[in-house]
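# Dropping a prediction and its sequence here:
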Amino acid sequence: MLSVPNWLSKGALVPAATIEKVRRGGRNSGLPYAKCSMREAMILRLFNTLTGQLDPLAPSDGKALRMYACGPTVYDYGHIGNFRTFLHIDVLRRFLGLIGVSVRHVMNITDVDDKIIRNAASAGIPISQYTPPFVEAFFQDLDALRVQHPEQIARATEHIPQMVELIERLAQAGAAYKTDDGSWYFRLKSFPEYGKLSKKDLAGIADGARVDLDEYEKDSARDFALWKAAKPGEASWETSIGRGRPGWHIECSAMAMEYLGDSFDLHAGGEDLMFPHHENEIAQSETATHKPFARHWMHVRFLLVDGRKMAKSEGNFYTLRDLLLKGYRASAIRMALISVPYRHQLNFTFDGLAEATKAVERLRTFDERLRSNSFAAGENPALQALAKEAQNEFMEALANDLNTADARAAIFELVRAANTAIDDGRLLSADRDAILSVLKDFDAVFDVLEDHDDEPTRRAIEWAQGSGREAAIAPELLARESLDHEAVEALIAERIEAKKRRNFSRADQIRNELAEKGVILEDTKDGVRWKRK
Ligand SMILES: [Zn+2]
């Protein structure tokens with residue numbers, strides 16, 4: 001393990017070589033020691049699909065980690081499987097931030113492909129009108145889940161010249177050929193390393209066998225379309241290689257290299273993209289540049305729903321919006337989708353989502369308990385050690401291939417022990433500060449402590465009401481939402497008045513009315529606190 005132990009003791013001297021060697025691919029700054037925090041000496045070891053092992057991940061230019069992640073194809077609303085991938089890439093970004101690594105993250109938006117063209121045609125509108133609402137919905141959903149935005153968003157339809165130029169380079173190298181209908185294909189036989197990412201044995205590839213679908217079946221590696229000749233009624237561009245539109249794979253190669261250079265640090269995406277999409281990206285890019293494309297490849301595993309593959313035909317297919325309209329909170333969905341490490345299969349269930357809801361609630365209650373109570377001055381060495389241990393375990397777990405399950409477990413162990421210490425009166429003010437600092441790091445990655453849940457729910461309801469989907473809104477949710485913040489506060493004020501007037505039946509009536517709408521009241525010595533169930 002390359003991480004440095006006891007990283008909590010900031011300002012300690014770490015051999016510069018230790019940091020430099022890993023961070024800058026072997027080059028040394030020449031300084032014997034670099035003064036830096038131990039945290040910043042921490043190295044993330046991430047599984048690399050290309051090498052089949054855990055490799056240290058660090059910016060090769062010593063400045064910012066250049067990473068590309070395949071974004072959405074905007075033909076529909078995102079489902080929870082899509083968002084599992086985006087959430088784990090968010091965990092990666094946030095953990096890198098926590099250990100002081102800056103990131104230059106590029107994500108594409110595929111706004112032209114087979115499915116988009118088909119759907120736009122059946123809706124009777126051009127693709128330029130069909131995709132914008134789905135792009136907007138995608139970013140709203142990312143915001144609901146508190147996924148940080150990439151530094152650069154690249155839309156396929158805005159990068160046609162770069163794609164055409166790349167196809168021309170491939171043609172000059174003899175790796176691309178034009179067919180009679182005016183389409184262009186990549187000649188698989190021109191790239192002998194084809195299959196090195198997915199480790200597929202592709203010995204039996206028939207030279208010249210072609211496929212023009214953006215997505216095609218595994219085990220049928222064929223020459224794939226780089227450029228599809230214009231067909232009547234389809235979106236197309238007039239270019240030097242003819243009139244047509246790009247294939248899906250060329251988009252990502254062209255846009256990744258446009259913003260990150262020929263070679264960059266990390267390429268990420270869902271496991272379903274490994275073959276053929278990522279394999280094709282490597283073939284196109286490395287044939288054109290003769291340089292390694294991405295050094296490190298991260299693939300997030302699929303999720304199952306109730307033990308089965310998620311599919312509309314199975315009736316177990318959920319978008320984020322479906323879950324919000326059932327009354328689940330965005331924070332609980334985030335928690336449920338990130339709590340299982342990215343390389344493990346997550347079996348998504350409603351029991352699991354209920355557990356995640358309770359877990360978020362428990363953390364928020366604990367955080368509130370630390371912040372709202374006053375603790376005697378001083379520190380308890382046992383609790384100080386416990387906080388430090390939890391923080392170490394949290395960081396080490398994430399540094400070890402982003403093990404979110406172990407990271408989460410370390411924090412819940414601390415919550416359990418600290419709650420007991422508060423009950424026993426053993427927790428002192430300096431202990432509270434130490435534990436709050438651990439929670440701060442936890443939340444820098446998990447981001448569930450602060451309650452931002454009302455807005456995504458309200459927006460999902462408005463969206464459903466505005467698009468004829470009222471039937472999807474759970475009745476309990478509508479009842480709950482019929483009371484906004486001010487209305488709750490007004491009823492609580494009325495209840496206080498009623499109690500003063502010794503009108504206890506009215507006070508109880510208000511409490512019950514609120515409870516029916518999911519608002520729980522808690523009478524404390526500092527007054528009434530309330531929360532939504
Ligand atoms: Zn891609």
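Done, it's in.
# only C-alpha atoms for contact and neighbour calcs from this point on.
Will do.
# Contacts for the helix or strand containing Ile116 next, please.
Assigned by DSSP states H and E, Ile116 belongs to helix 114-123. If you take C-alpha atoms under 8 Å, 6 or more residues apart in numbering as the criterion, helix 114-123 is touched by Thr73, Val74, Tyr75, Pro126, Ile127, Tyr130, Thr131, Leu213, Asp214, Gly233, Glu234, Ala235.
# what does stretch 516-526 give?
476, 479-481, 483, 511, 514-515, 528-533.
# Narrow these to those in helices?
Assigned to helices by DSSP state H, the following of the contacts of stretch 516-526 qualify: Glu476, Ala479, Arg480, Glu481, Arg511, Leu514, Ala515.
# Count the neighbours of the fifth one for me.
So that's Arg511. For Arg511, the neighbour count with other C-alpha atoms under 10 Å is 17.
# That one - nearest residue in space that isn't next to it in sequence?
Among residues not flanking Arg511 along the chain, Leu521 sits closest, at 7.1 Å (C-alpha to C-alpha, 6 or more residues apart in numbering).
# show me where pLDDT drops low in the chain?
Residue ranges of the chain with pLDDT under 70: 1-38, 203-209, 213-221.
# Spell out which residues of it are next to the ion.
Those residues of the chain that sit near the ion, judged by C-alpha under 5 Å from the ion, are Cys70, Cys252.
# Spit out the contact partners of the closest residue to the ion within the chain.
Closest contact between the chain and the ion, by C-alpha to the ion, is at Cys70 (4.1 Å). By C-alpha under 8 Å, 6+ apart, Cys70 lies in contact with Met107, Asn108, Ile109, Cys252, Ala268, Gly269.
# Any idea what the fifth one is bridged to?
Taking DSSP bridges, one obtains Ala69, Met298 as the residues bridged to Ala268.
# where's it relative to Pro276, distance?
14 Å (C-alpha to C-alpha, to the nearest Å).
# and the contacts of stretch 516-526 as CSV, adding distance to Ala336?
Formatted as CSV, the contacts of stretch 516-526 follow (distance: C-alpha to C-alpha, whole Å):
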residue, distance to Ala336
Glu476, 22
Ala479, 25
Arg480, 23
Glu481, 23
Leu483, 27
Arg511, 31
Leu514, 28
Ala515, 26
Val528, 31
Arg529, 27
Trp530, 25
Lys531, 21
Arg532, 19
Lys533, 18
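# farthest pair in the residues you listed?
Spatially, the most separated pair among the contacts of stretch 516-526 is Glu476 and Val528, at 23.9 Å (C-alpha to C-alpha).
# Just give me the residue right at the centre of the protein.
Per C-alpha atoms, centre = their mean, the C-alpha nearest to the average position across the chain is that of Leu87, at 1.8 Å.
# What residues sit buried inside the helix or strand harbouring that one?
Using DSSP H and E, Leu87 falls within helix 80-98. By neighbour count on 16 or more other C-alpha atoms under 10 Å, the buried set for helix 80-98 is 80-96, 98.
# Any chance of the backbone angles for Thr235?
Wrong residue type there; residue 235 is Ala, not Thr. Backbone torsions of Ala235, given as degrees, to the nearest 10, read phi -60, psi 140.
# same deal with Arg308?
phi -120, psi 160.
# re earlier: check the contacts of Cys70 and tell me the two furthest apart.
That would be Ile109 and Ala268, which, of the contacts of Cys70, are the farthest apart (C-alpha to C-alpha) at 14.3 Å.
# More neighbours: which of those two?
Ala268 (25 against 19).
# I'd assumed Ile338 was in contact with the residue nearest to the centre of the chain.
Yes - counting by C-alpha atoms under 8 Å, a contact exists between Leu87 and Ile338, whose distance comes to 6.6 Å.
# For whichever helix in the chain runs longest, which helices and strands make contact with it?
Counting residues, the longest helix found in the chain (DSSP H) is helix 350-372. Applying 3 or more C-alpha pairs under 8 Å, 6 or more residues apart in numbering; DSSP states H and E, one finds that helix 350-372 contacts helix 330-338, helix 404-423, helix 429-446.
# Buried residues in it, which are they?
So, applying 16+ other C-alpha under 10 Å, buried residues of helix 350-372: 352-353, 356-357, 359-364, 366-367, 370.
# Ok, stretch 40-53 next?
Glu40, Ala41, Met42, Ile43, Leu44, Arg45, Leu46, Phe47, Asn48, Thr49.
# Next step: these restricted to strands.
Using DSSP state E, the members of those that fall in strands are Leu44, Arg45, Leu46, Phe47, Asn48.
# PyMOL command for the buried members of the ones in helices among the contacts of stretch 516-526?
Buried residues within those, by 16+ other C-alpha under 10 Å, are selected in PyMOL with:
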select buried, resi 480+481+511+514
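# Could you single out the nearest of the ones in helices among the contacts of stretch 516-526 to Ala173?
Out of the ones in helices among the contacts of stretch 516-526, the member with the shortest distance to Ala173 (by C-alpha to C-alpha) is Glu481, at 61.4 Å.
# how far away is that closest one from Glu470?
For Glu481, the distance to Glu470 - C-alpha to C-alpha - is 14 Å.
# check contacts around the residue lying closest to Ile333 once chain neighbours are set aside.
Nearest non-adjacent residue to Ile333, counting by C-alpha to C-alpha, 6+ apart: Leu353, 6.6 Å away. The neighbours of Leu353, taking C-alpha under 8 Å, 6+ apart as the test, are Tyr328, Ala332, Ile333, Ala336.
# pretty sure the first one is in a helix, no?
No - Tyr328 sits outside any helix when classified using DSSP: H, G, I helix; E, B strand; the rest coil, being coil.
# For it, which residues are in contact?
Per C-alpha under 8 Å, 6+ apart, neighbours of Tyr328: Leu353, Thr357.
# Go again with 10 Å.
Leu320, Arg321, Asp322, Phe350, Leu353, Ala354, Thr357, Asp453, Thr457, Leu477 (C-alpha atoms under 10 Å, 6 or more residues apart in numbering).
# these two touch, right, Cys252 and Gly71?
Yes - at 9.4 Å, Cys252 and Gly71 qualify as touching, with contact defined as C-alpha atoms under 10 Å.
# Can you redo the helices and strands packed on helix 350-372 as JSON lines, where the extra columns are mean neighbour count?
Output for the helices and strands packed on helix 350-372, formatted as JSON lines (neighbours: other C-alpha atoms under 10 Å):
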{"stretch": "helix 330-338", "mean neighbour count": "25"}
{"stretch": "helix 404-423", "mean neighbour count": "18"}
{"stretch": "helix 429-446", "mean neighbour count": "19"}
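# possible to save those helices as JSON lines with distance to Thr239?
Formatted as JSON lines, the helices and strands packed on helix 350-372 follow (distance: least, C-alpha to C-alpha, whole Å):
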{"stretch": "helix 330-338", "distance to Thr239": "43"}
{"stretch": "helix 404-423", "distance to Thr239": "47"}
{"stretch": "helix 429-446", "distance to Thr239": "45"}
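# nearest to Ser102, of the ones you listed?
helix 429-446 (14.6 Å).
# Val438 versus Tyr177, what's the distance?
On the measure of C-alpha to C-alpha, Tyr177 and Val438 end up 57 Å apart.
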